[in-house]
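> model this:
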Amino acid sequence: MPQWLLVGVLLGLACSLAVAVLFVAANRLFPTTPREYGESGERRRRVEIREYLDAIGEQYAENHFVEGQHVAFYLPERDVAITFDAGAFYRIERSGTHAVLVEHEMPGAQLGHRLPFEVPEVEFGPDPESTPGPDPTAAA
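This is a model prediction of the structure:
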């Protein structure tokens, strides 16, 4: 084996080892701070749906079983099941109960459009005109 090839391989291994040691040392000296994640999507949606159902004056049961399926909300007076689970939605839909499938990304205030009955118009959330926001001129 030529001398230059052996020196090149050894030099490459030494540099790779030095970089690996540098990364390990930096990780120990400057550990990453644990990130604080906000509420999960489903938990946040449950809060929004709960607030919306309270705002429209609808009685509900949370974490209820309907047709053997676990649902997030059940409206007993209207026989409506609200679920995040697509499988439960299809199984409940085959029964006499009206099922509503809610995606984790859907804001709770949009639930009224999916309910099988008329819901009153309610003011939901802060008034956008009274809430001070960033000045678009200053932001530009």
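> domain ranges for this structure?
1-31, 41-113 (automatic domain parsing).
> quick check: which of these is nearest to Val122?
Set against Val122 and scored by C-beta to C-beta, the domains of the chain come closest in domain 41-113, at 4.5 Å. For glycine as for every other residue, the C-beta is placed from the backbone atoms N, C-alpha and C.
> which one of the domains of the chain is the most hemmed in?
domain 41-113 (a mean of 16; mean count of other C-beta atoms under 10 Å).
> on that earlier part again, redo the domains of the chain as JSON lines? Include mean pLDDT and distance to Pro120.
Formatted as JSON lines, the domains of the chain follow (pLDDT from 0 to 100; distance: least, C-beta to C-beta, whole Å):
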{"stretch": "domain 1-31", "mean pLDDT": "93", "distance to Pro120": "53"}
{"stretch": "domain 41-113", "mean pLDDT": "88", "distance to Pro120": "6"}
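> for Glu123, find the nearest of those.
Closest to Glu123 of those is domain 41-113 (C-beta to C-beta; 8.1 Å).
> make TSV from the domains of the chain and add distance to Glu123 to it.
Below are these laid out as TSV (distance: least, C-beta to C-beta, whole Å):
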stretch	distance to Glu123
domain 1-31	46
domain 41-113	8
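> thanks a lot, catch you later.
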